[in-house]
Every structure is written in structure tokens, then in C-alpha cells.
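K.L.:
Need a 3D model of the following:
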Amino acid sequence: MTPARKVTGLAARGVALAAALAAAGAPPIAWAQTPAPPAAEAPADAPPAAPQGLSESVAAVVNDDIISTYDLAQRMRLLIATSGIQPTQQNIAQFQREALVSLVDERLQLQELRHQEKEQKIEIVATDEELNGEIADMAKNNNMNAQQFVASLENQGIGVATLMEQIRAQTSWQRWIRGRYGSRLRIGEDQVKAQQQRLAASASKPQYQISEVFLDANRVGGMETAVTGATQLITQMQQGAPFQAVARQFSASATAAAGGDAGWISAGEMAPEIDAALEQMRPGQLSRPIQVRDGVYIIYLRDKRSGAGASVVNLKQAAVALPQDASATQFAAASATLMTLRSQVTGCGDLEAKAATVNGVVAGDLGEAEIKDLAPAFRSAAETLQPGQLSDPIRTAAGLHILAVCSKRASGAENLSAEQIENRLYGQQLSMIARRYMRDLRTSATIETR
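P.N.:
Alright, predicted model coming up:
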């Protein structure tokens, strides 16, 4: 099996880690992220810098493989640094639970991979040389060399071996899943066409650009635990923790590697509970915990648009101020002024320039809006006019206006190509296979926590 040198999400994780370390005194780092929800005021009591009080002993045993409390404390420190969440008395248990669950999963993965290596006589588990390359890439992405990056870890009390073992498990597991199942997956033409039909049918529905965090109830110890954990994460994100960093460390969704970015979705693509929440949200809002059958979602609504059935128009206007009690003479004079201007204007391109030469006329760009959302007086003109055309004078409470239609289009997302749909279906199926594989490993394993 040919080793896969790069793994999606690892470099981004390194950026998030280094950014967190920079806040503690390492060189400043700039990194792009999905805009975080508006930050609330930080709590008055200063939280501890890292988990304390864990003595060196056995935290868990996974099929006779020991996870020590030192391993657990190190992973907690790494989790705190990478998530951007400040540890408090209220959330430290969640950090400990997530760190232990991650360590258990990684031990199960590496045990399975070493078994497969022995059975199939192939190399699957990433070597130290590969991991050193990943560390070097992370450092380079943050304008550091490897030594500076490692020093940043050590300044936070995190041994580089902790990060390397996390990367080893992630890299090796993704390689194995893709190598074993990726070549067997076949997305048929009928599947692509069926998805195209579903997308076409939903084109008139509202569309949402979202980021997500999914807490798998089976993985974290039950639905109640998942709801509690989601509530704590929401509180931390409202206090400024970056959504991307939280998603990378806590989300069980396939979008975790991309910081939770799920892109544009249409109503009906996700669980009904999520659709119901999205209908009530505005762009920039963070959802409450949303329970679904297998766990709990946290949704960040980045943008929203109507379906393709809605018409969107871009307008400019020229107006003359006219009080509601204006006389017939005043109305006639304003109307004549605008009609003269209308005869000289060719469209949106010169409306403002021509209006600037006429005394008493004010022109401006009204921007883009859905026709159904326009004021009734403007809506009729916007529906009937074509791009480049100008309206007759329109009376409103503020005055007399002429509208220029700059553009008109159907709202909604562009159609995905067959290749894009195939890639999306491929990724979804591969992610589902990986989750089922892990559930089978957990079910058949002997796991003892202390």
C-alpha cells in the first residue's frame, strides 16, 4: 500500500495549535477561520491554565493496552490548546472525558492496524519519519521551524510525543480506511442521477451555509452526556472559542477535519430537527443543542438564501423629496423633473452621474434584494422591468422615485456537476464505513476505565 503523505485536516490542526500557543507567548500567528459567533464577556474567575491533580497511575486499559493518567493529562493539555476553550471547573470533566474517549479510540485503531499489518504483511502505521514530516509542515505553515514549534508545545507543558501519537493514529487510520474501502466504493450513475433529482426538487427550498459540531451519543457515553457537553461547548464558543477549533477536536462528523464546514445545504438534507432550528435562525447565530437519533448537533448558521424559485433584483434609484401633503403643482413639477432625467439615462451605468447634474434629485444604489421583500410600490416595477430598463415615477411617502433594474436572477445555489456529486457521495459513504468500523471495534473490545 502506498503511504499517503498528506492528510486533510492535519495541517489545519497545526495552525490552530500554534495559534493557541501564540496566545500564551509564542510568536504571533495569523490563520483564517470561519467567523466565530459574537464573543460574550469572559467569566470573572480566571480558569486554571491546565488540568491539575492527576497522579501517575492507570486511567484505562484497552485490550490489555494501558492508558496512563500521564497520557490523559497530556492529551487534555493538547485538547485545551487546540480547541481554544478555557478550562473551568464546569468544563474540565468534559475535557477529561473527550481526551479519554479519543485515546481509547486511537488505541483501538492502532491495535487493529497492527493486526492487519501482521495478517497482510504490509506497512500501514505511519513511521516516525512521516510524523516528523507532518510536524515540519505544521511548523512551516506558521512561519516556524520544527524546533520552534516543539518549543511552543513544551512551553504549554505538552510533550511532542503526545501530538505525534495523535497524528500517527489519525494518519494511519485514514490511510487504512481509504486503502481498504475507497477502491471498492463505486458510486453508480443511477446514484448520481437520483441525487441530481433530489437537488433539483429542493432547489426552491431555502438554503443554508452552515458549520457543524456533532457529538456522537454512542461515543461520549449517552445522549444526556452529549447534551451536557454540547451546552458547555456552546457557552465556550459564545465566550470566544473559535468554532473551527472546537469542531476539529470535539466533532464526530466527517466535516471535523474542515473545521465543521458543511457548505451549503437545502432544507430536507439534514434531520428534521435541524431543519426546524435553521428556520428560526439568522445568519451569524449559534444554535442550541439539537438532539437527533444518534447524538447532538451544534449548528452555526453562516449565511442563508432563498431557493431558486425566488427572484433577486439589483436596483438603483433617483428620487425627489416630496411631502405626503404636496400640492398637485409640486407633484407635477417633481414628475416632470424625473421624466426628463429618465429620457437622458441609458441604465444603471449612468443613472447616478446624470442625476447629480439635476438640482433636487438624489440618486443611489439600493443593492440586491428579493423582489418579494420590496415595498409594494417598488415590487410591481421590479417584477415587470428587465435589466437596463427604468420605471415611470413611483410615489411613496418619502417622495417620487424612478427605479433602474441593474440585474435580475433566480436565487439559489449553482447546479453541482456530476463529478462534484459523485465526490460528495463517495466521501459520505466512506465516512459512514469508518464510523461503523469504529463502533464494531468498541463493541468487541475489552475497555476498563479506572
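
K.L.:
what helix or strand does Val211 sit in?
P.N.:
Actually, residue 211 is Ser rather than Val. Ser211 is part of strand 207-216, with elements assigned from DSSP states H and E.

K.L.:
mind listing what the residue of the chain positioned farthest from its centre touches?
P.N.:
Centroid-distance maximum for the chain: Thr329 at 58.1 Å, with C-alpha atoms, centre = their mean. Taking C-beta atoms under 8 Å, 6 or more residues apart in numbering as the criterion, Thr329 is in contact with no other residue. Backbone N, C-alpha and C define where each C-beta goes, glycine included.

K.L.:
partner strands of the strand holding Ser211, parallel or antiparallel?
P.N.:
Here strand 207-216 is paired, per DSSP bridges, with strand 261-266 (antiparallel), strand 295-305 (antiparallel).

K.L.:
Out of those, which gets nearest to Glu130?
P.N.:
Nearest to Glu130, of all the strands paired with strand 207-216, is strand 261-266, at 26.4 Å by C-beta to C-beta.

K.L.:
ok, and for the closest one, which residues are buried?
P.N.:
Buried residues in strand 261-266, counted by 16 or more other C-beta atoms under 10 Å: 261-262, 264-266.

K.L.:
Can you measure across stretch 249-259, start residue to end residue?
P.N.:
Using C-alpha to C-alpha, to the nearest Å, one end of stretch 249-259 lies 9 Å from the other.

K.L.:
Could I get the full set of helices for the stretch 301-450 of the chain?
P.N.:
For the stretch 301-450 of the chain, the helices defined by DSSP state H, counting those that start in this stretch occupy 328-344, 348-355, 376-384, 418-444.

K.L.:
Kindly reformat these as CSV containing mean pLDDT and distance to Val101.
P.N.:
CSV is the format used below for the helices of the stretch 301-450 of the chain (pLDDT from 0 to 100; distance: least, C-beta to C-beta, whole Å):
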stretch, mean pLDDT, distance to Val101
helix 328-344, 94, 68
helix 348-355, 92, 57
helix 376-384, 88, 54
helix 418-444, 88, 10
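
K.L.:
which stretch among these comes nearest Gln236?
P.N.:
Of all the helices of the stretch 301-450 of the chain, helix 418-444 sits nearest to Gln236, with 25.2 Å by C-beta to C-beta.

K.L.:
ok and that closest one relative to strand 261-266, angle-wise?
P.N.:
On the basis of axes from the mean of the first three to the mean of the last three C-alpha atoms, to 10 degrees, helix 418-444 is oriented at 120 degrees to strand 261-266.

K.L.:
Tell me where this structure has strands.
P.N.:
All strands of the chain, identified by DSSP state E, fall at 58-62, 65-68, 207-216, 261-266, 290-291, 295-305, 311-321, 362-370, 394-395, 399-410, 447-449.

K.L.:
pLDDT at Gly9, what is it?
P.N.:
Looking at Gly9, its pLDDT is 42.

K.L.:
Equivalent analysis for the one 5 residues further on, please.
P.N.:
Per-residue pLDDT puts Gly14 at 45.

K.L.:
Cool, thanks, signing off.
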